[in-house]
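Engineer: With the input below, show me the fold.
(one chain, ligands or ions: 1)
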Amino acid sequence: MTTRIVIIGGGQAGGWAAKTLRDEGFDGEICVVAEEAWDFYERPPLSKATLLEPDAALPRLFSEAAQQALNLNWYRPLRVESIHREAKTVQLSNGEQLSYNILLIATGGRARLPGAAWEQHQQVYTLRHWQDAQRLKGRLAECKTLAIIGGGWIGLEIAASARKSGVAVTLFEQQPALCMRSVSADVSAHLAAVHREQGVDIRTGCGTLELEDNDGLPTIHCDSQRETYDAVVVGIGVDLNLELAREAGLHIDRGIVVDAQGRTSDPAIFAAGDVAQHHQYGLCIQSWAFAQNQSVATAKAMLNADAAGYDEAPWLWSDQYQHNIQILGIPQPDSKTIVRENTLFFSLDGNGRLAQLVAFNDARTVKLAKRWMAAGRDLSDVPLADPTFSLMSLR
Ligand SMILES: Cc1cc2nc3c(=O)[nH]c(=O)nc-3n(C[C@H](O)[C@H](O)[C@H](O)COP(=O)(O)OP(=O)(O)OC[C@H]3O[C@@H](n4cnc5c(N)ncnc54)[C@H](O)[C@@H]3O)c2cc1C
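Structural biologist: Reported below is the predicted structural model:
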């Protein structure tokens, strides 16, 4: 009997798991159940190049030939509706049952909306899938004014793309600062300055917003003001697709709880990508690097119980205007931020260890900082803010 591995989700994590299984020599059956009709693709370009380039193609993970060579059994566009752990089967939305020896849950998340009025309005957009990007791009080409709800990374990237396309942007954020959950106050302030310089009207601390229709166009109520826009994009985060795991009785905290090898509380079931909680940080990182590298480590562990496991610190990047912004690590409640020339933002914890580095256009220092972080280097006496001090001398 050949071993069958079933992967739920045809996104970045699902794709890298399938590729790694073959790279590691697995010659059994790999079934991929994917809700989307497309081949594996990655999402970061959707808020950047896909919106800006007239002929942007699907950002495929692998060339068509490389994907063919993986010899996968696709079940698409179909959903897994339930997991039956005792029988080791999954139930598909077309009524079929599929048995597995090993199962991978890589179901990602879905864009959140504030309520039904927003869901139903024709000129309210979200951005998660390839089709969302096509729809939004079409509208951006014909609109003059855009409201963005949410000042997180995706909202800011859409703001940058819209400004580059000449659209007037108003950005509403309920919190008092941008990206407040993931970076220090100094970084938030710098991000706001970068966007204001490009003409974005930023309204932080805006309270609850309401949506009304004005002859087919969306009107936003904020405090006592009402303004009508050609379109509204909502970027207020995602709801992780955890229902299958929850209903199957797997251990869930903020996401699916996994060990370093991606194994869930059921040894035959693994989880990867956005839905998997980082085994050390206790958070769902939701980044390109995690989706790829944690999934690669997980696929190796499916085949070899002694595989090394995943051990990277959280890292993500964002491209806005001329800035490549890299975010390494997570600030701690006791972190103190040291700013170097509004380019590097170091957050040190109470012991002088680097908890987070946010770098604007400085990949070299990020590389170095990964080593400081891994070594737990004490940086409390280092003149990090002094632009004449060479950081490279700390190699
Ligand atoms: C617009 C955008 C821009 C981004 N930019 C960046 C960036 O610049 N830098 C960065 O680090 N990260 C970025 N990210 C985050 C990164 O893309 C995600 O972390 C990554 O895509 C997660 O991969 P995943 O495979 O876990 O989930 P996904 O890519 O969401 O794939 C999950 C797939 O599973 C499918 N699925 C769900 N439920 C079922 C089911 N029951 N049955 C079958 N299929 C199912 C979904 O339809 C989806 O196709 C961005 C994300 C978005 C949306």
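
Engineer: neighbours around the nearest residue to residue 392 once chain neighbours are set aside, how many?
Structural biologist: Nearest residue to residue 392, sequence neighbours excluded (Cβ to Cβ, 6 or more residues apart in numbering): residue 368, at 7.1 Å. (Glycine included, C-beta is placed from N, CA and C.) Applying other Cβ atoms under 10 Å, we find 16 residues neighbouring residue 368.

Engineer: Check whether the helix or strand where residue 368 lies comes near the ligand.
Structural biologist: According to DSSP states H and E, residue 368 maps onto helix 363-375. No - on the criterion Cβ under 6 Å from any ligand atom, helix 363-375 is out of touch with the ligand, staying 12.8 Å away.

Engineer: Quick one: list the elements packing against that helix.
Structural biologist: Using 3 or more Cβ pairs under 8 Å, 6 or more residues apart in numbering; DSSP states H and E as the contact test, the elements touching helix 363-375 are strand 323-329, strand 354-360.

Engineer: Any residue of the last one touching the ligand?
Structural biologist: No - Strand 354-360 stays out of contact with the ligand when judged by Cβ under 6 Å from any ligand atom, the minimum separation being 13.3 Å.

Engineer: how's the chain carved up into domains?
Structural biologist: The chain breaks down by automatic domain parsing into domains covering 4-108+241-303, 111-234, 322-394.

Engineer: could those be laid out in TSV, adding mean pLDDT and distance to residue 310?
Structural biologist: Below are the domains of the chain laid out as TSV (pLDDT from 0 to 100; distance: least, Cβ to Cβ, whole Å):
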stretch	mean pLDDT	distance to residue 310
domain 4-108+241-303	97	4
domain 111-234	96	20
domain 322-394	95	14
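
Engineer: Using the three-state scheme, assign residue 160.
Structural biologist: Classification of residue 160 by DSSP: H, G, I helix; E, B strand; the rest coil places it in helix.

Engineer: was I right about it contacting residue 321?
Structural biologist: Yes - under the criterion of Cβ atoms under 8 Å, residue 160 makes contact with residue 321 at 5.2 Å.

Engineer: The two: which is more packed in?
Structural biologist: Comparing residue 160 with residue 321 by neighbour count (other Cβ under 10 Å), the higher total belongs to residue 160, at 25 against 15.

Engineer: OK, contacts around that one?
Structural biologist: If a contact means Cβ atoms under 8 Å, 6 or more residues apart in numbering, then residue 160 has 195, 198, 319, 320, 321 as its contacts.

Engineer: Quick check on the residues you listed: which are buried?
Structural biologist: Listed as buried from the contacts of residue 160 are 195, 319, 320; burial here means 16 or more other Cβ atoms under 10 Å.

Engineer: Tell me which residues of stretch 107-117 come out buried.
Structural biologist: For stretch 107-117, burial by neighbour count (16+ other Cβ under 10 Å) applies to 107, 108, 109, 111, 113, 114.

Engineer: Was I right to think the second one contacts residue 241?
Structural biologist: Going back to what we said before, that points to residue 108. Yes - contact criterion Cβ under 8 Å: residue 108 and residue 241 qualify, at 6.0 Å.

Engineer: anything in contact with each of these two?
Structural biologist: Here residue 108 and residue 241 have 9, 275 as joint contacts, going by Cβ under 8 Å, 6+ apart.

Engineer: Spit out the contact partners of the residue of the stretch 251-395 of the chain found nearest the ligand.
Structural biologist: As assessed by Cβ to the nearest ligand atom, the ligand sits closest to residue 273 within the stretch 251-395 of the chain, at 2.2 Å. Applying Cβ under 8 Å, 6+ apart to residue 273 gives the contacts 9, 11, 12, 13, 14, 106, 108, 290, 291, 294, 295.
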